[in-house]
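[1] sequence below, structure please.
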Amino acid sequence: MKELKFPVKFVFNISTLANDFTAKDANGKTFAYVRQKMFKLKEDISIYEDENKAKINYKIKADRWIDFSAAYSITDNYGKEIGKIARKGWASIWKAQYEIFDQNKKRQYQIREENGWVKVMDFVLGQIPILSILTGYLFNPSYKVIDNKEEIVMRLKKEPSFFGRKFEISKIKNIDDDNERVLLGLMMMILLERRRG
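    Numbering: from 1, shown residues only. Now for the predicted structure:
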């Protein structure tokens, strides 16, 4: 994940029962297949090398049962922790906010939803029959990843699509050493946020 060509795309599968998506680089090459285990009290996500699911490269697990303020530990295929992502509890009610920590539990980045009204309008229209089909085209939230200097390093934006299944990540600032941790954090964040609506 360290030498990817941006923009990167996440495309959720709508033909499976699992909450899963494929991640592709700018050349259309798959670099990850992300699958969330269903019916688990604690979040358990596997990141495979590709859709064949032959090799797991990373795991993401919650530190507690389903909780509004859970932290999610990111480990490599050897079980070594490479970082964490945590939702900022009550601060995320209006606009989603997450923090990304390195392996030493030092905060490196924050993910912030850019416009809380988009989520509200998406939810309201989603309750109206027939119009709910169109919300994936009308309301497209975006999230910025900022460093400790308050500079934007990446942006994740939902693209217009049925069922809100396509997302694109663009790189704003070079952070090659942290690409892996930030992308894994965004994978976990988008699984949670897409489920919330």
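[2] quick one: secondary structure of residue 190?
    On the three-state scheme (DSSP: H, G, I helix; E, B strand; the rest coil), residue 190 is labelled helix.
[3] show me what residue 166 is bridged to.
    Partner residues in beta bridges with residue 166, using DSSP bridges, are residue 11.
[4] tally of neighbours for it?
    Counted with other Cβ atoms under 10 Å, the burial measure for residue 166 works out to 18 neighbours. All C-beta atoms are positioned from the backbone trio N, CA, C, and that covers glycine.
[5] I'd say it and residue 140 touch.
    No: under the criterion of Cβ atoms under 8 Å, residue 166 is not in contact with residue 140, lying 9.5 Å apart.
[6] what sits in contact with each of those two?
    For the pair residue 166 and residue 140, residues contacting each of them under the criterion Cβ atoms under 8 Å, 6 or more residues apart in numbering are 158-160.
[7] list just the nearest of those to residue 171.
    Within these, distances to residue 171 taken as Cβ to Cβ reach their minimum at residue 159, with 16.5 Å.
[8] show me what contacts the closest one?
    140, 166-168.
[9] what about 10 Å?
    Applying Cβ atoms under 10 Å, 6 or more residues apart in numbering, we find residue 159 in contact with 9-11, 136-137, 140, 165-168.
[10] kindly report the same for residue 35.
    Residues in contact with residue 35 (Cβ under 10 Å, 6+ apart) are 13, 16, 18-21, 44-48, 51, 53, 56, 191.
[11] that one is in what secondary structure piece?
    Mapping residue 35 onto the secondary structure by DSSP states H and E places it in strand 30-36.
[12] what of residue 187?
    helix 179-196.
[13] give me the buried stretch members for that helix, please.
    Within helix 179-196, the residues that count as buried by 16 or more other Cβ atoms under 10 Å are 179-194.
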